[in-house]
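In: mind folding the following:
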Amino acid sequence: MRTRAITITALLLLALTACGSDTEPRATPKANKPAAQKTTAEPKPSPDKPRTFGQELTFSDDGMTMGVTVLGYEQDTFHPQASADEEFGTKGYTWAAVEIKACLKKGTSGVTRYPWALAYADGARIEPSGVTYGDFPKPEYPYEAKMKAGDCVRGKTVFAVPAKQRPERVLYVPEALETPAEWAVPKA
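Out: Presented below is the predicted three-dimensional model:
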């Protein structure tokens, strides 16, 4: 009985493997053909070196064109009702603010503070604070705002940062950009 089961199984496997045909077309590699290049009307979103404060990045995505820039950076110059250490249970942190401006040149879109980050020499990245106080620097950059062509939004976004370190760069990393945009933070 066991021999019969093995024989049937072997015959079924043989029948299944025999169903393939050598006459089916096979893909053959094309020698020396260059890979297809991505074509896009959009400019390269990031230069080789970081921008300077005030230098605008303009990019397009899904029918809109936006211009963004960093106007300034300040660290440990304002002291709201709660310190960064008190707010987050840390030691050695302080508040910093990045002043940002975004202008919508075409279409409709929105802005938020969350594609922004600070980059440090050791590879650390710090995202904007999720908290806000009435005595944070004004005007505040919005958590979220809708815009139409011709609108601009300007304000400061606050970060809890290491008090004894200064970031090297301000990063803008929205999904619309393949490469993060960067602005060099001047030495103190």
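In: would you confirm that Leu118 belongs to a strand?
Out: Yes. Leu118: assigned to a strand according to DSSP: H, G, I helix; E, B strand; the rest coil.
In: quick one: residues contacting it.
Out: Contact analysis of Leu118 by Cβ atoms under 8 Å, 6 or more residues apart in numbering lists Ala96, Val98, Arg125, Ile126, Phe159, Val161, Pro167, Arg169, Val170, Leu171, Val185. Any C-beta I mention is one placed from the backbone N, CA and C, and that applies to glycine too.
In: at 10 Å what do you get?
Out: 73, 75, 96, 98, 124-128, 157, 159, 161, 165-171, 185 (Cβ atoms under 10 Å, 6 or more residues apart in numbering).
In: just those: which are in helices?
Out: Assignment to helices by DSSP state H places none of the contacts of Leu118 there.
In: which of those are buried, as a PyMOL select command?
Out: In PyMOL, a selection of the buried entries from the contacts of Leu118 looks like this (16 or more other Cβ atoms under 10 Å):
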select buried, resi 73+75+96+98+126+127+128+157+159+161+165+166+167+168+169+170+171+185
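In: buried set for the biggest strand by length in the chain?
Out: What stands out as the longest strand in the chain, according to DSSP state E, is strand 93-106. By 16+ other Cβ under 10 Å, the buried positions in strand 93-106 come out as Tyr93, Thr94, Trp95, Ala96, Ala97, Val98, Glu99, Ile100, Lys101, Ala102, Cys103, Leu104.
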